[in-house]
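Engineer: Show me the folded form of this:
(3 chains)
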Amino acid sequence: MSRLADHLLILPVVLPLVAGAIMLAIGGEQRRTANAALNIVSTFALVAIAIVLLRQADSAPTGVAGVYRLGNWPAPFGIVLVADRLSALMLLLTSILGAAAVVFSMARWHRMGVLFHPLFQFLLMGINGAFLTGDLFNLFVFFEILLAASYGLALHGSGSARVTAGLQYIAINLAASLLFLVGVSLIYGVTGTLNMADLAERIPAIRSEDRALLETGAALLGTAFLVKAGMWPLCFWLPRTYAVVAPPVAAIFAILTKVGAYVILRLWLLLFGDAAGASAQFGGELLLIGGFATILFGTIGCLASQDTARLGSFSVVVSSGTMLAAIGFGQVGVTEAVLFYLVSSTLGLSAFFLLIELVERGREPGADVLAVTRELYGEEDEEDEQEEVGLAIPMTLGILGVAFIACALVIAGLPPLSGFLAKFAILTAALNPPAGTIPATAWVFLGVLILSGLAALIAMMRAGIRAFWASPDRTIPRIRLIEMAPVGVLLLACIVQTIEAGPVMRYMQATAQSLHAPQDYIRGVLAPVAETKAGAAK
Amino acid sequence: MTRAEPDSIASFFVENAYVLGGGTNIVNVILVDFRAFDTFGEIAVLGIVALTVYALLRRFRPAAESIPVPEQQHSQDIYDEVQPDRQRGDSLKSAMAVPALMIALLFPVICAMSAYMLLRGHDLPGGGFVAGIILAVAFILQYLAGGIVWVEERLRILPIRWIGSGLLLAAGVGAAAWVAGRPFLTTYFSYLDIPWIGSVPMASALLFDLGVFALVVGATVLILIAIAHQTVRSHRAPASRAADMAPAAPKIEVR
Amino acid sequence: MEIVLALGIGVLAGSGVWLLLRPRTFQVIVGLSLLSYAVNLFIIAMGRLRFGVAPVLTSHGPGDPASLPDPLPQALVLTAIVISFATTALFLVVLLASRGLTGTDHVDGQEPEA
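Structural biologist: Below you'll find the predicted structure:
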């Protein structure tokens, strides 16, 4: 157990923590260059670690790369970290977004306020921990770490818009955390355990008079996660916050709603899967209906939003809604498609948040508001059309335009990029249920998804026209390579996902199957340790 | 809460707190050993919050109506100005002289108390968290009694470094288990015989507690100092802003 | 005794929720604090009530789970208290900053019109 490879599983948590702590210990903000270098090194190391874990998980016959028992305590008693296919996938996604955001921030954003780098590392630590942990209360702790760091980053740069949005963001998340605690303690009170795998074992055997309490606890937990995932009607904090935070922060925040969705996917299928006896599929319909409502809310928001950052935020809501509704189907085929969608939409949205700032640069603030009112009242400047016969688009704008189109295609789900494949896969699976008869909800889902895609396309086109064509006298934004490269890399990841759709889909399939049949996961976690603690400690 | 208890994982902790964890205070053994990873996360949250507070307040000026000097202090300052042999702020100083002296003398006592709490935590109520809060109180009392300028002329507290070192120490103790080939945060304990003192329990959990202690001191002091510095900064608020809020307030040079 | 604890939790939670829904930031923060007290008591209650014994071993040996209260919720609640203390402190400072930047203590950052 002394080789570093054995401790690889804990590194996604410890590495950012140590990096952040070193940044603080050498003096914090006084050594910003050293901090920045550490931040980059640590984030890229996380990408490498995540890739190794992903390969391990995929090659393991059970799909579990490893179970890490903290403090060497046996499983249901101590805290465990578990890296299965889903966790490894989420780790990789997080680290890629992190790397893109950190490189982007080097251009100027990290100088907007103090202590950007340590907070960023702590945020990564919290997200990674939440993806890895196999313990319910430890999940709460990691949620708080990622939230605390996200509060700090949301306020990065200060200003009254950020502080007011941050105030609401913090208030709703504090309330949600309290619900989380009530849920965890209720579940502990009924089952007497905190370990997720152990819970899954104990739930079928719960006494019938305790079942209502257990389901109350689960519902409270679910509410807490749904606040984070941004399900309607718990999502009103989301657009406002995401629209005002600094762009690199928004890019990494794109994964935060997915943390909520991840936990729902993991816990719901683990605890209330088909093996859960009387509680099987508890709350599934609610997820489905809530998901539909969320998509509709997000779609209306997309169409109504006047500036591009808000458009991005509402796209996050749509993406959350799509995932939640698809999870609510509770079918293996839909789950594998939704995992594909998760990766594609997170990458696309993250790239979009970075791109917005580049596009908006060099335009006067408030131009969007004016543009919409002008469209509304028809007060366009008539002489423009006579003067501008052809519009020479300089190189920078060309690159930005192509990137914008790519983002729009991924987010709206149009061919040929990965967004289309994802939506197509979701719908194919939903319309081909194993039972044979197509449920009415599947048809509703089809309608809602197509509608949301159409609305996203319209909103994106309007934003694109306004940004690239409408104002010929705009100054061409000055953009540095390290700002454009992260956007390029994120979009490249989408393209790779499209081209390599076969292997990626196979991976998602294996992930979804082990999620729906979690026996391997449970057995892996609860397996007895070879050597006992008693012999080890003395 | 009146229902029968389920077959809980808690019985494992009760049975093994001393046998495997080496402490009689079961709650503390859970915190620093069985579920040390939770504590690890908890101190990280505290540190992050302190950093956020610092980052937010560093450039921030307080709300407009809290800028004027309080009425009493204002009249004292006018009195000091009029007397030829007095400097502005002297009244305040003489009023606070006795409490300031007492608090300054209490400083080493509180520090000793804090160390005592730190060391007894594994077996009796106490621990790194309590000790950290006590030491932070020692620092804050000095601020209260002596004022910001007085304290910072004499003490160089670098709370951000305290936070960083606390986290590093805790992580280092956790990672030290790797050398022995055990997972992160595996603890080690034995009894050391130190001449004249006798058998002393030495647990790696104590070092972990030391990390908790350093972080708690750093985080608490950082938050409170960040708030305390608001008073310094508020009086240096730009004249344009301060002028229309507090026409009567005299300018006070604090530094 | 259970009824006293239950009533206490209920009153704290009820007042907390009411204050949380008020429009002023200070009311919100007091509401959140009351709610977190209620939640902390609730966590303790989930370990079942036991009177007159602390989860501290009297002998150097294995403890008897039947004679001692459940220590786990007490450990969890300590972690939860610290975390809610920290985040509430953060919220308080954000509240101060919001008050200073926007000039109002309304949660929307502006006074409602009318």
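
Engineer: Now for residue 118, how many residues are close by?
Structural biologist: Since no chain was named, I'll use chain A. For residue A:118, the neighbour count with other Cβ atoms under 10 Å in any protein chain shown is 32. All C-beta atoms are positioned from the backbone trio N, CA, C, and that covers glycine.

Engineer: that's the wrong chain, I wanted chain B
Structural biologist: Neighbours of residue B:118 (other Cβ under 10 Å): 22.

Engineer: Quick one: classify the residue lying closest to it once chain neighbours are set aside as helix, strand or coil.
Structural biologist: Excluding its sequence neighbours, the residue lying closest to residue B:118 (Cβ to Cβ, 6 or more residues apart in numbering or on different chains) is residue B:131, at 3.7 Å. Assigned by DSSP: H, G, I helix; E, B strand; the rest coil, the conformation of residue B:131 is helix.

Engineer: With residue C:111 instead?
Structural biologist: coil.

Engineer: confidence score at the closest residue to it other than its chain neighbours?
Structural biologist: Spatial nearest neighbour of residue C:111, excluding adjacent residues (Cβ to Cβ, 6+ apart): residue C:104 at 5.5 Å. The per-residue pLDDT reported for residue C:104 equals 77.

Engineer: Pretty sure residue C:104 sits against residue C:110.
Structural biologist: Yes. The criterion here is Cβ atoms under 8 Å, and residue C:104 meets it with residue C:110 at 6.3 Å.

Engineer: and residue A:322, what does it touch?
Structural biologist: A:291, A:295, A:338, A:341, A:345, A:423, A:426, A:449, A:452 (Cβ atoms under 8 Å, 6 or more residues apart in numbering or on different chains).

Engineer: where does the residue nearest to residue C:111 land in three-state SS?
Structural biologist: Applying three-state DSSP: residue C:104 is coil.

Engineer: For it, the count of nearby residues, please.
Structural biologist: Residue C:104, neighbours per other Cβ under 10 Å, totals 17.

Engineer: Return the backbone torsion pair for it.
Structural biologist: phi -140, psi 160 (degrees, to the nearest 10).

Engineer: Check residue A:83 too.
Structural biologist: Dihedral angles (degrees, to the nearest 10) for residue A:83: phi -110, psi 100.

Engineer: What's the mean pLDDT across stretch A:464-480?
Structural biologist: Rounded mean pLDDT across stretch A:464-480 is 69.

Engineer: Endpoints of that stretch, how far apart?
Structural biologist: 21 Å (Cα to Cα, to the nearest Å).

Engineer: Now the residue nearest the centre of chain C: closest residue in space that isn't a chain neighbour?
Structural biologist: By Cα atoms, centre = their mean, chain C has its centre lying nearest to residue C:36, at 1.8 Å. Of all residues not flanking residue C:36 in the chain, residue C:84 sits nearest, at 4.2 Å (Cβ to Cβ, 6+ apart).

Engineer: got it, and residue A:161?
Structural biologist: residue A:244 (4.7 Å).

Engineer: So what's the residue count around the one you found?
Structural biologist: Neighbours around residue A:244, by other Cβ under 10 Å: 23.

Engineer: Would you mind stating the distance between it and residue A:308?
Structural biologist: 13 Å (Cβ to Cβ, to the nearest Å).
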